[in-house]
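> Test case, fold it:
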Amino acid sequence: MSTQGLSTIGIDVKVNNVSMNYVTEIGDIGGTPATLDATCMKDSIKKSVPGVQDVKAFEVTYLFDNSAADSDYRVLKALQEAGNAVSLKVTFPDGTGFATTGYVSTYVSGSKVDELVSAKLSVSLQSEWTVTNPAAN
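Numbers count the residues shown, from 1 in each chain. Coordinates of the predicted model:
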């Protein structure tokens, strides 16, 4: 029987095969194709066909920490400075996995009184998302 809803508790985000520690929000996984106009003179309605899939950079919000060599910010900043495309994998609590590759950039988000300092990871995707379905029970 299918599950009615899935909690975000336990979502794992791995960048370059290393799990992030303090993720608070993830962006959209996937995108919509561009719309290419296919309307001809004999058509009475506008027609279109799907074009290239338009995926925006994948963003992850996380709590800022730079206190240790394995802190999210320090690890991501090193990947950004290296300038290579790396693997990205998001795994949901039910075992569904989404994987892609991309170039990493990270920055500290603006802050205000009475809130935790956060940062953003932005991944410029270089490949389509591949989906791994959960193992059968």
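
> tell me the centre residue of this protein?
Residue closest to the mean C-alpha point of the chain, counted by CA atoms, centre = their mean, is F58 at 3.6 Å.

> List phi and psi for the nearest residue to that one once chain neighbours are set aside.
The shortest distance from F58 to any non-neighbouring residue, by CB to CB, 6 or more residues apart in numbering, is to V123 (4.5 Å). To be clear about C-beta, it is placed using only N, CA and C from the backbone, and glycine gets the same treatment. Main-chain torsions, V123, degrees, to the nearest 10: phi -120, psi 120.

> can you give me the helices in this protein?
Per DSSP state H, the chain has helices spanning 72-82. These are given in chain order.

> And the strands in it, which stretches?
Here the chain has its strands, by DSSP state E, at 12-15, 18-19, 23-26, 32-37, 48-54, 58-63, 86-91, 97-108, 118-125, 130-132.

> Against which helices or strands is the first one packed?
In other words, strand 12-15. Judged by 3 or more CB pairs under 8 Å, 6 or more residues apart in numbering; DSSP states H and E, the packing partners of strand 12-15 are helix 72-82, strand 86-91.
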